[in-house]
Each structure stands twice: as C-alpha cells, then as structure tokens.
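**Student:** Give me coordinates for this.
(chains A and B)
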Amino acid sequence: MILEPRDEAELIATLRQRGREGRELSRAKLVSHGAVDGTSMTIRAGAGLTLAAIDELLRPHGLCLHALPAEARALTLGAFLEGPWAGLHAVEGGRLEPICSSLAAVLPDGRRFETSRAPRSAAGPELAALVLGASGRFAWVTEATLRCRPRGERLVHHAWAMPDVASAIESLRRGLASGALPAEVRLAPRGTSVHLTALLSGSAEGIERDRQSLSLEGGAPAAPALDAATGPWRECSWEDVQRGLLDGATLTLARLSLATVVCAGGERGLPLEGAPAWSAASNLLLTLQGAAP
Amino acid sequence: MGRVLEASPVSMARVTSLSVGANPAPRAAVSALSAALSSASGGRLSFELNDRLAYARDMWPLALLWARQGKTPPPPDAVVWPSTEEEVSSLIGLARAHRLAVIPYGAGSGVCGGTWALQGGVTLDLKRFDRIERVDARDRSVVVGAGVMGETLERRLNTHGWTLGHFPSSIATSTVGGWLAARSAGQFSSKYGKIEDMTISARAVLGTGEVLQTPERPFAGPDVLPLLIGSEGTLAAFTSAKLRVFPLPETRAFHGFEFDSLARGLEAIRLIFREGLRPAVVRLYDPFDTAFVGKPGKRPRERVPPSERTAFAQRLLPALLRQVTRQTLGRPALMNQLQRVFRRSRLILMFEGDAPRVQAEHRAATLICRSLQGRDLGDEPGKAWLRKRYDVSFRMSRLIESGTFADTMEVAAPWERVLEVYERVHAAASKWAFVLCHFSHAYAEGCSLYFSFVGSGGSELEMEERYHQLWRAALGAATSAGANVSHHHGVGVLKAQALQDGLGEGRHALRALKGVFDPDGVMNPGKLGL
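**Tutor:** Numbering: from 1, shown residues only, chains lettered A, B, ... in the order given. Okay, here's the model as predicted:
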C-alpha cells in the first residue's frame, strides 16, 4: 500500500507515526507551489511537481527554468534533486548557478530543516548537500526554491567549423569562462574538423554577447545543424567529451559548465538514469542513515 | 562513543577572559603529552607563552575592546606546526585518545572568534601546507596547499597569466584553508563566485583522523565537499584544494553612477543581473556612506606612529577626541537621524575579462543605469576604489585609538527582502551605534548587505555592553527580516547562537554530521554552536 500525504505537515505526521512498516510513502501529492517571485526570479515548488509543470507555471510571468533536456523536465522535482541529476549542482564561475537555490526537507524521524533563501551563505555546512543526489537516504525534500530566468525573447542558432577537436572544446570552455550560456550545443566530427552548433537564447544583445564569446577561438562561421537529441543523458567531464569526439561520435551537450556537461550521444560519463553506485566519499555519510522513508 | 568536550552552544556571555599578565601555564594533561605531540608534529611544537598568546585571538574586535580593559582570550595549551597529512592525522588521534581540543588555524584573520581556544587544547597552524602546483592550463585548475596565503597564490598565478579572482580584503593575511573553512568571498565575487564556487575538490583530515580526498565531478551520491566547506574546523582540517582559475583579464572597465534613492540603485543592480551581465565588482553605498565616506580622491594624511608623537598628540589630543566621539557617537540615534537628510546612493561597477565581452556588458549596464536616471560619474570613482580597496582594515586601529568600538556585520538576502533588512537593521542598531551600509556581492536573486557600526560609551565596560547589545539587536533584526546570519565572514563564536536558533530542527542534522565526522568532539569545540 502506498501512502500519499497531501502536504508537508501530513508527511511529517506520517513519518512520526509508528506502524507504517510495509507501507511505502510517496510525495506524488506534494504539488503545491508558492507565488512566482518576479523580483528575484524564483519559484517555490512542491517535490511532487514535474519540472515541465513548474515551467508552465512560470510562463505567464515571462520566466522559465534554465534549459534542460526533455528527460529531465519529465522528472518530479524530488527525483531531479535527489537522483543522479542532483539538481545540477553548483558550477564554477560564469553565469551558471545551481537550479535549486534553497530547499526544505524532512528527516526520517519527521524533523524538518530548511536552508536559507539568501543567494549564498557562510553559515556552516550546506545542509542541502544531504538531499542533492542522496536518493532520499538522509532526508526527503518537500519543496524547493528554484532559480529561473527571463523566458528568452528569441532562440537563435550559431555555428562554426572548428579545425579540430581540441579547438572545438577550447572554444566552448573559453566561451563559458567569458560568461556565455548556450542552452544546447551539438558537436559533430567531420573528418578531423568539428562542426559546432550552439543554441543561444535571450535578448538580441545577450545573444550577440554570447556569440562573440564563443567565437574567441576562431573557427569559420557555418550553417547550423542541431537535430533534436534524445537520451540517454550522461554527466561527462570535458575529457569524456574529447574522447567521444575522437571516437567519431556526434554529441549533444546540455547544461554546460567549466567542470562537466550533460551529454547525449556518447558512452562515457555518469548515467543520469537509474541508481549509479555512489562514490567512496559519499558512502562515508551512510552512517547518517536512519530508517528510510 | 561518548562526547568528550562541551557540546552546548557557546554564547558570548560565557566566553571567559583572562587578565593580561595572568599567563596561565599549559594544562598538565597537555604538557604530559609533550613527547607524543612532538613526535606527531615532526618536532614542531611549542608550549612557550608568547606563542600561545599569539594564537589566542583572531581579528574579532571583541579582543580589541578587551585589550583596552587589560583582558585577553584564553590561550591554547600548545601550538604545533604539522607539515604532512600523516602528522595531522596523528595529532587528531592523540586528541581523541586524550580528550583534547584541536583547533585548525590558517592565518587568524577571522572576525568571529573561530580560532579562539575556548577549551584550551592544541592549535594546529597549517601554514606549512604551502605548495602551489603548476596550473593545469587545459583544465583551468591549480592544486594548492591549505596553508598558502592568498596574496602569495594570486601573485604566483599572475606570473603565469592566471588569476583566482578571489580578493577578500584579508588576502594578505588569510589562507586557502581558512577560506574553505569559512566560505569566504572576495570583492570580485559577482563574476568569479565565492570560494565554494571555485573549489573543484579538496583534501582534508577528518575528526576521525581519516584523510579524505573529495571526488571530482561527475560522480554519483551526495557531495561531501559542501558539508566540509564552511564547517570552520569543527568537522575536518583542510590540507589542500583544487581551485578553478581564469586567464588574467584582457581589459577592465569602470563606471560610477549616482541615483536619487537607494531603491533606484538596488533596482539598477537587480536589472543588470537579470539581463545576464556579470560585473566583477558591484558596490552600492547607502546615502550616508555616499555623502561622507564614499568620496574618493582625498589626500591621505601622514601617519605618525604613536612612539614618535608629541606629548600633545600622544595624550591630550586623543583624550579630547574621545570626549567628542563619546558625545556624538554616544547618541547614535541623533547621528542616524541626520542620514534622513541624505538620499542619494552611489554605485560603482567594474567589468573585467575579454575585451569584446567587457565592452558589451559595460555598454548594456550603462544603458540600464541611465534608464533609472543614474547620474553618470565616469570611471574615476571605480578606479579610486580599486586603488584604496585594502585600506579599510587599517582604519580600525585609528577608531580604536580614538576610544570607540567598531565592527561590521554582513548578511545576504533575496531581492524582495533587501530593503526591509536594511531598514530593520538600521532601526535596531541605531540605538547602539552609528550605522553605515553598502551593498555588494550581487546575484540574480539577491545581494549581500555590509553594515559598519561605530559606537562609543561612557566607560570601557559600558562600551563592551553596548557592543553585545548591538550585535543581538542587529543580527536579530536582519534574520527576522529574511536575511541569513552571514554571507562570507562566517559564524565562529559571535553568531553561534543565532545560527543554532535559525536552524530550528535543522540543528539535529548538523549535530548528526558532527557525530559522523568528529565522533569524539575534538575538532574546534564550541564553534558554530557544536
């Protein structure tokens, strides 16, 4: 039998209750959401809402979530934050911010904690790390504040023919370090050269800034080619991307950062479906585990 | 496994001072371990009084108020200077076996009492972890020992064409390990992020004695690194970190604007970030700061050291100055009322990076500021700020000399709360001190507020009492208005109670983490309220 509490208070009461052994708890009904905050461009949403549903709530306010593949958008907020996507955690430098700005979660005994809604803190350990990517083993997220951005006035493709794999990758890394934020990138090897197409969104001036930043490594302008990509998606290092291209694979990159990218079309990297094995460092935390919800 | 050391939150009222000259000997239990401590630290151990007194305090201004009263924080029992992870691990093992406190220490520039030896113990000065590896140009990263001083690192990176982009005002007196322990931010954080945004991975010795290397992305499972960053030595001692580096910027652009009101200035910042622009520096001064303090271009007065001053300058003038400041700052509400006369707020922007991007972002930001009727001040205010940006720390001693107390409080809040936080802190703090504020470290969803307080009182004791009341009032007002307890200075002892109160039931999760990483409670007990 599956228990589906309708709100956080009911979830907490259920966790505190004895005698629910053998009954699964589900957050499917935690679908409430707060008002969209146009000033800070955030929305507070329940863990049972899908990212696609959250995106629709933002549409009348001229906002949207950061670009994500369809497979991610189909996940509930809880699954997106707690599974291998780990909420697409913090990334170094540039304009990239973790999608989740703060969250509320319950511990297995029903105690609740909430992280600060301030953009950054120096207030001890970041307790959200007990939730992100932790498969719900230490705490269950009940709701989270998500960072949004203005729904782009336009979507434009720009493309370049890069002389080789190294220059294609350097072009992206340099562009990201400079502040560019492509929504999606396709890399197609053609002999030794690589055809690079980037999907840019935003204001006309913003798109032009990003185009310039992605042009810093040179490369001849080319006709865009960006087919709709399907998964499976993996989180890859830039090393994985380079090896994939050298193997001749056509790759689609989403949610690029200086550290890793989310990639389809390759075979390397961390699969973002299923339950991949945790790192040794993550396993250190298992002594925290109480009764699983 | 029992708890060894005091576990309840330490409030400022319970931090006991010593009289200067009390010169306590190290505890017998620690002296008895001399041979073992020496062996565990490669022979680099000291029980000398002067060493212990030097490590007794950080830069928490409370120690300055105490100094004027002939009081000092309690010193640790011993100081060690380990140079390997094995040594740190052995020292922690000794601490666990003999119920000693261990206090990881970088350069001691924290402002919250985070390295005070509240329960004696052994201070671990980690500055011997001083290697800087070669920059990996393709990966854009560098591995650095936790004991490396900020300025040393930045200069070394610069010689090879790189920058870390991390410029706290304590850069010459803070270490990489201290940055990670406290979640520090630098003046250019709006572009490069805070230290937690720059750290790719780290090595640390946990309170269990285990050495941990955190993994690099991609990996599955929860990330331990954000649990250790900001733990202020209560869970682990960092030994090295791999940090993200950026090429030295091709160019910089400065621009200053003055707005009719603080609200307009804040709106300008919000719109700049909404558009996706990322100036390295964003500083908005509140009206009083704008009217009196923010003005650039004053010729610096010649500083004569105290020992070379005339009798008049040495004694009579300071006494007169104290009287004057006590009369004015002793009635801060009066001074703060004056601020209502002033309305204009000044904004300084600085962009740096690739030339095309800098020019484009600068142009876009200028349009936004003009659309809000910002008065164009050109590039001089920004350039002047950059020239003098490290001077601020040295003004503190002049204030202390003139018989006042001074401190800063920095918090962060989402945009919809920023003005309310400002107004409530102002109202609450004005009873105890004169209040200045600037806004910086901006994000798309909010910013940091940096308050400066200057106050006085009829006696040293009264000043200390006012200092504590000021902090209770100001921090309480900030958090009740929706701010956090700190954006980048950290918690230490000063804000431990506020942190614990704010966590609510979350303190159980924090305590559970303590139980995992430091089961015997040896790591910096009493800080963060742990």
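
**Student:** use CA for all of it now, contacts and neighbours both
**Tutor:** Noted.

**Student:** What residues does the residue in the stretch 1-150 of chain B that chain A sits nearest to make contact with?
**Tutor:** Residue nearest to chain A within the stretch 1-150 of chain B: residue B:138 (8.0 Å; C-alpha to the nearest C-alpha). Contact partners of residue B:138, counting by C-alpha atoms under 8 Å, 6 or more residues apart in numbering or on different chains, are absent.

**Student:** Am I right that it sits in a helix?
**Tutor:** No: Residue B:138 is assigned coil when assessed by DSSP: H, G, I helix; E, B strand; the rest coil, not a helix.

**Student:** how near is residue A:161 to residue A:249?
**Tutor:** In this view, residue A:161 and residue A:249 are 16 Å apart by C-alpha to C-alpha, to the nearest Å.

**Student:** who touches residue 65 in this structure?
**Tutor:** By default, I'm working from chain A. Contacts of residue A:65 by C-alpha under 8 Å, 6+ apart are A:55, A:58, A:99, A:146-149.

**Student:** my question was about chain B
**Tutor:** Applying C-alpha under 8 Å, 6+ apart, the residues near residue B:65 are B:405, B:460, B:464.

**Student:** Distance check, it against residue B:73.
**Tutor:** For residue B:65, the distance to residue B:73 - C-alpha to C-alpha - is 11 Å.

**Student:** by contact count, what packs against the helix of greatest length in chain B?
**Tutor:** When chain B is parsed with DSSP state H, its longest helix is helix B:460-480. Using 3 or more C-alpha pairs under 8 Å, 6 or more residues apart in numbering or on different chains; DSSP states H and E as the contact test, the elements touching helix B:460-480 are helix B:62-68, strand B:405-414, helix B:415-429, helix B:496-503.

**Student:** Quick one: residues contacting the nearest residue to residue B:164 once chain neighbours are set aside.
**Tutor:** With C-alpha to C-alpha, 6 or more residues apart in numbering or on different chains as the criterion, residue B:164 has its nearest non-adjacent residue at 4.8 Å, and that residue is residue B:245. Going by C-alpha under 8 Å, 6+ apart, residue B:245 touches B:140-142, B:162-165, B:198.

**Student:** now that we have those, which one has the most neighbours?
**Tutor:** Of all these, residue B:165 has the most neighbours under the rule other C-alpha atoms under 10 Å in any protein chain shown, reaching 26 neighbours.

**Student:** just checking, residue A:23 touches residue A:3?
**Tutor:** Yes: using C-alpha atoms under 8 Å, residue A:23 is in contact with residue A:3, at 6.8 Å.

**Student:** Settle it for me: which of those two has more neighbours?
**Tutor:** Remark: of residue A:23 and residue A:3, residue A:3 carries more neighbours, 15 against 11, as counted by other C-alpha under 10 Å.

**Student:** What residues of the lengthiest helix in chain A count as buried?
**Tutor:** When chain A is parsed with DSSP H, its longest helix is helix A:165-178. Judged by neighbour count using 16 or more other C-alpha atoms under 10 Å in any protein chain shown, the buried positions of helix A:165-178 are A:165, A:167-178.

**Student:** Ok, stretch B:29-39 next?
**Tutor:** Applying 16+ other C-alpha under 10 Å to stretch B:29-39 flags B:30, B:34, B:37-38 as buried.

**Student:** now swap in stretch A:193-211 and tell me
**Tutor:** Quick answer for stretch A:193-211 (16+ other C-alpha under 10 Å): A:193-203, A:206-211.

**Student:** What mean pLDDT does that stretch get?
**Tutor:** On average, the pLDDT along stretch A:193-211 is 95.

**Student:** Around chain B, which positions in the stretch 1-150 of chain A sit nearby?
**Tutor:** A:39-42, A:84, A:86, A:90-95, A:107, A:111-114, A:116-127, A:129-135, A:147, A:149-150 (C-alpha under 8 Å from any C-alpha of the partner chain).

**Student:** got a list of what residue 204 touches?
**Tutor:** You didn't say which chain, so I picked chain A. A:153-154.

**Student:** um, chain B though
**Tutor:** B:211-213, B:236-240.

**Student:** so how far is chain A from the residue lying closest to it once chain neighbours are set aside?
**Tutor:** Excluding its sequence neighbours, the residue lying closest to residue B:204 (C-alpha to C-alpha, 6+ apart) is residue B:238, at 4.0 Å. For residue B:238, the distance to chain A (C-alpha to the nearest C-alpha, to the nearest Å) stands at 14 Å.

**Student:** May I have the secondary structure class of residue B:238?
**Tutor:** Residue B:238 ends up strand, using three-state DSSP.

**Student:** From residue A:7, how far off is residue A:25?
**Tutor:** 12 Å.

**Student:** rewinding a little: taking the buried residues of stretch B:29-39 one by one, which sit in helices?
**Tutor:** Per DSSP H, those map to helices at B:30, B:34, B:37-38.

**Student:** where are the low-confidence patches of the stretch 1-150 of chain A?
**Tutor:** Applying pLDDT under 70 to the stretch 1-150 of chain A flags residues A:18-22, A:90-95.

**Student:** Helices of that one, start to end?
**Tutor:** A:8-16, A:51-58, A:70-73, A:77-82 (DSSP state H, counting those that start in this stretch).

**Student:** cool, the stretch 151-293 of chain A as well?
**Tutor:** Shown for the stretch 151-293 of chain A, the helices assigned by DSSP H, counting those that start in this stretch span residues A:165-178, A:204-214, A:238-246, A:280-283.

**Student:** In CSV: those helices, plus distance to residue B:287.
**Tutor:** Shown next, in CSV, are the helices of the stretch 151-293 of chain A (distance: least, C-alpha to C-alpha, whole Å):
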stretch, distance to residue B:287
helix A:165-178, 34
helix A:204-214, 32
helix A:238-246, 47
helix A:280-283, 48
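
**Student:** Identify whichever of these lies nearest to residue B:415.
**Tutor:** Closest to residue B:415 of those, according to C-alpha to C-alpha: helix A:204-214, at 22.5 Å.
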